[in-house]
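[1] sequence? don't have it. structure:
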């Protein structure tokens with residue numbers, strides 16, 4: 001087991017939840033509590049017993065009265081974590097698809113101030129197909145990642161992981177409330193970080209797919225892929241100064257940066 005670091009930075013885990021009753025407790029059992037100060041669950045109008053279970057397990061729970069989407073859920077997660085004074089915010093999906101035992105490796109570079117965000121990469125972890133990733137999703141991931149690397153002039157092995165850690169500086173610098181409420185939120189927040197020179201690292205993680213793990217089908221994935229490509233066009237136009245987009249502007253109340 002990794003040693004628990006002496007630290008003064010507050011680490012908050014956020015869990016964007018939707019119908020996660022069957023997997024929530026398993027996910028919590030894998031979180032190394034010595035590395036985490038608080039855990040927040042934001043329920044996106046689940047139709048099962050997610051909220052009741054989360055409260056019974058002692059989590060800090062926030063409930064959306066209507067479904068706001070994956071991106072909308074993350075907006076609440078990060079806003080509430082920052083209100084709690086989080087210095088580092090770790091997103092963990094409560095469907096147990098991603099392994100939260102790697103949290104020490106996610107947060108260690110942030111505790112040291114070596115970067116502004118750390119992402120878990122299934123591609124860097126190796127053998128994603130053996131872990132159950134559908135081949136069509138694997139190939140789409142590789143293609144979109146290559147296009148994003150070419151657009152952002154940087155190299156990541158994956159842009160679509162749901163296991164991430166952000167510094168407070170990252171979340172306060174980017175305008176994440178202006179992002180989409182859909183799945184493309186995950187790519188938009190990276191684009192914002194690139195625009196603001198945020199330092200991003202990756203760690204390898206295992207791939208695991210099973211019946212209870214949430215995932216989108218081919219139809220929604222096509223929409224997701226097209227949304228990413230459209231976002232990349234917007235990024236380029238914004239970067240060139242030809243058009244401006246709200247999600248790539250400075251957060252409200254913050255003076256615009258002079259390049």
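    Received it, and whenever you're ready, just let me know what you need. What you see is a predicted model; the values in this text were computed from it and never measured. Residues are numbered from 1 along each chain as shown.

[2] can we go C-alpha only for contacts and neighbour counts from here?
    Will do.

[3] Tell me which stretches of this protein form helices.
    24-29, 50-56, 69-83, 103-111, 122-125, 135-152, 168-173, 185-195, 218-240 (DSSP state H).

[4] between those, which gets nearest to residue 15?
    With Cα to Cα as the measure, helix 69-83 is the member of these nearest residue 15 (7.2 Å).

[5] give me every residue that touches the nearest residue to residue 96 once chain neighbours are set aside.
    Nearest in space to residue 96, with sequence neighbours left out and distances taken as Cα to Cα, 6 or more residues apart in numbering, is residue 27 at 5.1 Å. The contact partners of residue 27, by Cα atoms under 8 Å, 6 or more residues apart in numbering, come to 94-96, 99-100.

[6] repeat for residue 186
    By Cα under 8 Å, 6+ apart, residue 186 lies in contact with 71, 159-160.

[7] which of those has the weakest pLDDT?
    Note: of the contacts of residue 186, the lowest pLDDT belongs to residue 160, at 89.

[8] Wait, that residue touches residue 142, no?
    No: counting by Cα atoms under 8 Å, residue 160 stays clear of residue 142, with 10.1 Å between them.

[9] Between these two, which has more neighbouring residues?
    Using other Cα atoms under 10 Å, the more surrounded residue of residue 160 and residue 142 is residue 160, with 18 against 15.

[10] ok, residue 26 to residue 96 distance?
    In this view, residue 26 and residue 96 are 7 Å apart by Cα to Cα, to the nearest Å.

[11] and those two? which has more neighbours close in?
    Higher neighbour count among residue 26 and residue 96: residue 96, with 23 against 13, using other Cα under 10 Å.

[12] one step back: of the contacts of residue 27, closest to residue 32?
    The closest of the contacts of residue 27 to residue 32 turns out to be residue 100 (Cα to Cα; 7.7 Å).

[13] Based on its surroundings, how many neighbours for the closest one?
    23.

[14] and the gap between it and residue 117?
    Computed as Cα to Cα, the residue 100 to residue 117 distance reads 16 Å.

[15] Next, give me the two most distant ones among the contacts of residue 27.
    Longest span within those, Cα to Cα: 95 and 100, 11.0 Å.

[16] Give me the neighbour count for residue 57.
    Using other Cα under 10 Å, residue 57 is surrounded by 12 other residues.

[17] Same question for residue 8.
    Using other Cα under 10 Å, the number of residues around residue 8 comes to 8.

[18] Roughly how far does it sit from residue 26?
    In this view, residue 8 and residue 26 are 28 Å apart by Cα to Cα.

[19] Same question for residue 122.
    From residue 122 to residue 26 the distance is 20 Å (Cα to Cα).
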